[in-house]
Structures are given as C-alpha cells and as structure tokens.
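1. any chance you can model this:
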Amino acid sequence: MSVYRVTEIIGTSRTGWEDAAREALSAAAGSLRELRVAQVVEFDITLGPGGEIDQFRTKLRVSFKYDPS
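-> Numbers count the residues shown, from 1 in each chain. Next up, the predicted model:
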C-alpha cells in the first residue's frame, strides 16, 4: 500500500499556460520524488503597465509518493 501527498504549485511563463505548467513541473521534479499526477486548478495572467500580458500563470495540484524519512 502507498501513501501520497498533494500540494499546489504555480508556474509562470511569458509565452503561455502550457509552458507555465511545464516550468512548474520541471521545478517540482527537482525536489519532489515520484510525482504521480498533476491536475490543472486555475489559469490566470499578470498584467504589465498599459494592460498588456506580462506573464501567464498555471496553478497545479500535484501528488507525489509520501516518504516520512
């Protein structure tokens, strides 16, 4: 039997939401072992001066194997 933890992460990109998700997962994979599932929770954007899109942001809920050690 296995136990998994779930946490939320946010990735950012200047080119799109999909790239933002990739960035978040790439960063998470560097410190979280055995990532299992990523669920998109929310999309949003930040705006720069004049109202132009500054960054795309993707919030993900990820699960990974729980290791108490």
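
2. can you pull the contacts of residue 37?
-> Neighbour list for residue 37: 62-63 [criterion: C-beta atoms under 8 Å, 6 or more residues apart in numbering]. C-beta here means a position set from N, CA and C on the backbone, and glycine is covered the same way.

3. where along the protein do the helices fall?
-> Counting by DSSP state H, the chain has helices at residues 17-29.

4. quick one, strands of it?
-> Counting by DSSP state E, the chain has strands at residues 4-13, 35-47, 53-65.

5. winner for burial among these?
-> strand 53-65 (a mean of 17; mean count of other C-beta atoms under 10 Å).

6. from the chain's centre, how far out does that strand sit?
-> On the basis of C-alpha atoms, centre = their mean, to the nearest Å, strand 53-65 sits 3 Å off its chain's mean C-alpha point.

7. what about this protein, any weak spots by pLDDT?
-> Within the chain, not a single segment meets pLDDT under 70.

8. hey, what's the closest residue to residue 6 other than its chain neighbours bridged with?
-> Among residues not flanking residue 6 along the chain, residue 63 sits closest, at 4.9 Å (C-beta to C-beta, 6 or more residues apart in numbering). Beta-bridge partners for residue 63, by DSSP bridges, are residue 6, residue 37.

9. any idea how far residue 63 lies from residue 50?
-> Distance from residue 63 to residue 50, counting by C-beta to C-beta, to the nearest Å: 39 Å.
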